[in-house]
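Chemist: Provided below for reference: sequence and predicted model.
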Amino acid sequence: MEAPLTLLMVVAVTIRAALFRSSLVDLVAERVEVVSPLTAWKRVVEGLALLDLGVSPYSGDVFHETPLIIYLFHFLVDYAEITFMLADVITAVALYMAVKDYNRQVFRKQKFALEADRYPPDCLELIRSPKEMYYVPLKVAMFYLLNPFTILSCVAKSTCGLNNAVIALFILSTIKGNVLLSAIFLSLATYQSIYPLTLCAPALLYLMQRQYIPVNFRRVSFWWFVVQYAFMYLGSLFVIICLSFFLLGSWDYLPSVYGFILSVPDLTPNIGLFWYFFAEMFEHFRLFFLCVFQINVFFYTIPLSIKLKDHPVFLIFMQLAVISIFKSYPTVGDLALYLAFLPVWSHLHRFLRNIFLVSCVLLACSALFPVLWHLWIYAGSANSNFYYAITLLFNVAQILLVSDYFYAFLRREHHLTYGLYLKRKDGSEATLVLK
Amino acid sequence: CSVLLIKMKQRIRRKDVTVENFLRVLTGRLPPSTPRSKRLLSDDRSNILIYLTGHGGNGFLKFQDSEEISNVELADAFEQMWQKRRYNELLFIIDTCQGASMYERFYSPNLMALASSQVGEDSLSHQPDLAIGVHLMDRYTFYLLEFLEDIHPASKTNMNDLFKVCPKSQCVSTPGHRTNLFLRDPGSVLITDFFGSVRKVEITMETINFTDHVKQLQKETYSYVDQLPVSEIIHQKPKQKDWHPPDGFILGLWTLILLVFFKTYGIKHLKHIF
């Protein structure tokens, strides 16, 4: 499987290198759908230039990257294109290895369940075979590398690619079962943007499953593991934050990075939901709505982790989707990361109900974003409502996609427990509804 | 003065006539790239004549059908000019409806103002051309020009005669003037102080020796090219050192990375490296 993967990487790198040489670079680097105030390359260069002039890069509202990015790009600013291509390749390889390992475990669990006769006899067609699962890792890598969103994000040199690489490495280390590395990569991902904090819950669930610790609130072993993980996570976060202090000798990166993410002062339009609301809101209510919107991101963790207690990797997928829909400055690069996971659940296609609608809406909205931007900003014949309508539609399509996969996943689990052809008590055919 | 006026008139394009450009020309706050022909190169010995006409109202004058200049803005601009010593004396003539409101707010010294109508009155136009269907000139401007055509560069007529131009019988509106800010008595101010004049030149036959001064200047010979901004860039001091991350930071970061690496993959790799 390594040869097709290498070929895929060569193709992906060629496409990106070709696009880097074209005139698309300047065009794409300015698009608000691809770069946000947090991830724009222009701002990184500006911050480094300010540093060369002896001014703190966090003064003013230009630079919102973490000090580790300053350190990284201080030496790599001339090789930026290679860095971002390498980040994409690392993400793809990490996802490939993670999904391969996950498939192996799924297959092993399925084998045990089959031997223990836990599946009802009529759902044999739902059982997955190694043959169909063979190409899934390659497809995952392909979905990530050849996704137009990823390519655009790489060509625009948006640091979202680096964030995705860290999250992918976190997923890899979690699935491999390495608690320390998982905690470290998660703290790095949280350090970059706060929202991966919610990935703590699926990571904990997965690692406990792997170490055969029962997920029961009354058990000491559960709490002991949680304490261990929390210690490693918080400890590494603390170490990274203190180290960042030593880079510039000041704490003013904390309000510039985390204050900026949480308090959303910059209302440049993007593909998220925050900008329009906060642009038209009265100052009186701003704090209230800020809290509501930010809690909305973190809110789905507990209910989802209760429901998907036994399927932490699907929980990771759902959390990533929730983060990239509801975060304060989303870009298409965030989408690309969770869209890469779709081949892992390709066996659910018979239960998905809205594929056509979702794919049409996503394609149409992606095409309409630049059109309505042009109409609003340049032609002056539309206004922000038009653009926000497309943003809303885009996010609704994403939510529909995620909830559809959720429904299909739960339905398959239900069928695996209760049989494929469900009958009501009087013998007529029943339907399953997601409540 | 009048020669400069004609020159400026030819160089301003219609779309450049905005309130901002007008105020910037007056106050001198123009970008460094503005050519000298578009600047008001006045100093504290210059007398300035400003003539405005068009549509206006109580406290404003219309520019280009889309914006207005207010009497407060104008007064502040004149104060800026006074603070920066951009005029010696300034004559302000305005021919719009309710023109007197435009000079009500002046507060800088050495300003004299003339308007074609008082607040609440309309300034009317003079004669229409029935062929093209528009009026050709305003009444006040017509009579003012008629008056000025009799003035030659050496005439001794003073401002009090200018104030009598276009009485109510001819203009239908009541022209107004304001002289309380002017330091000289208007009766002693010649019209030719503002409308073009003959300079008094004294011819002398004695020689003046400048050599002492020249010796001093030779020590710092500036060529013209040295005064351009680009020479400052060429001859600037060497760039200060680039910022480098502190060594402690680099040390700490890589120690941590190495620690994690060895914790994950075991100490046994150590002997393969060293």
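Modeler: In hand now; what should we look at?
Chemist: Can you pull out the low-pLDDT segments for the chain?
Modeler: No chain specified, so I'll use chain A. A:422-432, A:434-435 (pLDDT under 70).
Chemist: wrong one, I was asking about chain B
Modeler: Where chain B drops into low confidence, which here means pLDDT under 70, it does so at B:1-12, B:197-200, B:212-241, B:268-274.
Chemist: Quick one: the helices in it, in order.
Modeler: For chain B, the helices defined by DSSP state H cover B:2-11, B:19-27, B:71-83, B:139-149, B:159-163, B:168-171, B:211-219, B:229-234, B:247-265, B:270-273.
Chemist: next one: the stretch 301-435 of chain A
Modeler: Here the stretch 301-435 of chain A has its helices, by DSSP state H, counting those that start in this stretch, at A:301-307, A:312-326, A:332-339, A:355-373, A:384-418.
Chemist: To chain B, which of those lies closest?
Modeler: For these, proximity to chain B was assessed by C-beta to the nearest C-beta; helix A:312-326 is nearest, at 20.9 Å. Backbone N, C-alpha and C define where each C-beta goes, glycine included.
Chemist: just checking, what packs against that closest one?
Modeler: Packing contacts for helix A:312-326, counted by 3 or more C-beta pairs under 8 Å, 6 or more residues apart in numbering or on different chains; DSSP states H and E, involve helix A:160-176, helix A:200-210, helix A:286-299, helix A:301-307, helix A:332-339, helix A:384-418.
Chemist: Correct me if wrong, but A:V10 is in a strand.
Modeler: No: per DSSP: H, G, I helix; E, B strand; the rest coil, A:V10 lies outside any strand segment and is helix.
Chemist: For A:F409, see how far away it is.
Modeler: To A:F409, A:V10 is 34 Å away according to C-beta to C-beta, to the nearest Å.
Chemist: between these two, who's got more neighbours?
Modeler: Neighbours around A:V10 and A:F409, counted as other C-beta atoms under 10 Å in any protein chain shown, are more numerous at A:F409. The numbers are 20 against 10.
Chemist: Contacts only, for the single nearest residue of the stretch 1-150 of chain A relative to chain B.
Modeler: Closest contact between the stretch 1-150 of chain A and chain B, by C-beta to the nearest C-beta, is at A:L51 (4.5 Å). Contact partners of A:L51, counting by C-beta atoms under 8 Å, 6 or more residues apart in numbering or on different chains, are A:57, A:70, A:74, B:243.
Chemist: what's the answer for A:K307, then?
Modeler: A:L410.
Chemist: what about 10 Å?
Modeler: A:315, A:318, A:406, A:410 (C-beta atoms under 10 Å, 6 or more residues apart in numbering or on different chains).
Chemist: who wins for most neighbours among those residues?
Modeler: A:M318 (25 neighbours).
Chemist: Could you find the closest non-adjacent residue to the residue nearest the centre of chain A?
Modeler: Centroid-nearest residue in chain A, with C-alpha atoms, centre = their mean: A:L320, separated by 3.7 Å. In space, and not counting its chain neighbours, A:L320 is closest to A:Y338: 4.1 Å by C-beta to C-beta, 6 or more residues apart in numbering or on different chains.
Chemist: So what's the residue count around the one you found?
Modeler: 23.
Chemist: And A:I399, by the same measure?
Modeler: So A:I399, with other C-beta under 10 Å, has 15 neighbours.
Chemist: wait, isn't it in contact with A:A321?
Modeler: Yes: using C-beta atoms under 10 Å, A:I399 is in contact with A:A321, at 8.3 Å.
Chemist: coming back round to it: how near is the residue nearest to A:L320 to A:Q398?
Modeler: 9 Å.
Chemist: Same question for A:P330.
Modeler: 10 Å.
Chemist: okay, and the common contacts of these two?
Modeler: When contacts are counted by C-beta under 10 Å, 6+ apart, A:P330 and A:Q398 have A:271, A:324 as shared neighbours.
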